[in-house]
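Colleague: sequence plus predicted model, see below.
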Amino acid sequence: MVVYVTNEPVQLRAQGYDVNVIRVADHVQLAANGIITNETTMADDPEMVRRFVGAAIKGLRDTIDDPEEAYEICKKFVEGLADADEAVQMEVLKLSIDIWKADTLGYSQESAWVNMQAVLLNMDLLTQPLDLNAAFTNDFIK
């Protein structure tokens, strides 16, 4: 099955299942989760976009630096987290942090977008190539 490598394998192992994981990232770099906006917002209020991206990156940095505190804060906002198996959920968080770490948090590599587009074209999920320079930007990262 196709899953998030940081979540379902941890959950399944905690339930006693033997899991064999083949990580896509070990074979090809693809575009990952990100922040989406539209061209109008970027043009009309670029400072708001910059502040939003900055706040998201600050939250990511704070989580990387202190996962235990981040977990405690999230208990207030994530439904069911306070009642979940904390050891399992902390492992999910720590595995996620391993993936999030980067020299420049939030930076998107063009090669990942080129690879992602090739995969989507091969799967017929895109019918024609896109202008990738219009698909993403790193302009709002400090």
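Modeller: Received, thanks. None of the values given here were measured: they were computed from a predicted structure.

Colleague: go through the chain and flag its longest helix.
Modeller: Taking DSSP state H as the criterion, the chain has its longest helix at helix 46-65.

Colleague: any idea where the helices of the protein begin and end?
Modeller: Counting by DSSP H, residue ranges of the helices within the chain are 8-14, 39-44, 46-65, 67-75, 86-100, 110-122, 132-135.

Colleague: let me have the ones you listed in a markdown table, extended by distance to residue 26.
Modeller: No exception for glycine: its C-beta is placed from N, CA and C like everyone else's. Conversion of these to a markdown table gives the following (distance: least, Cβ to Cβ, whole Å):
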| stretch | distance to residue 26 |
| --- | --- |
| helix 8-14 | 14 |
| helix 39-44 | 34 |
| helix 46-65 | 22 |
| helix 67-75 | 24 |
| helix 86-100 | 12 |
| helix 110-122 | 13 |
| helix 132-135 | 23 |
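
Colleague: okay, buried residues for the helix or strand of the chain with the lowest mean pLDDT please.
Modeller: The element with the least model confidence among the helices and strands of the chain, by mean pLDDT, DSSP states H and E, is helix 132-135, at a mean of 92. When neighbours are counted by 16 or more other Cβ atoms under 10 Å, no buried residue of helix 132-135 is found.

Colleague: packing partners of it?
Modeller: helix 110-122 (3 or more Cβ pairs under 8 Å, 6 or more residues apart in numbering; DSSP states H and E).

Colleague: dump the helix it packs on to CSV, keeping only the CA atoms.
Modeller: Coordinates of the C-alpha atoms in helix 110-122 are reproduced here as CSV (Å, rounded to 0.1, in the frame of the first residue of the first chain):
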residue,chain,number,x,y,z
GLU,A,110,13.4,22.4,-9.0
SER,A,111,14.7,18.9,-9.6
ALA,A,112,12.0,17.5,-7.3
TRP,A,113,9.3,19.3,-9.4
VAL,A,114,10.8,18.0,-12.6
ASN,A,115,10.8,14.5,-11.3
MET,A,116,7.2,14.9,-9.9
GLN,A,117,6.0,16.2,-13.3
ALA,A,118,7.6,13.2,-15.1
VAL,A,119,5.9,10.7,-12.7
LEU,A,120,2.5,12.5,-13.1
LEU,A,121,2.9,12.5,-16.9
ASN,A,122,3.8,8.8,-17.0
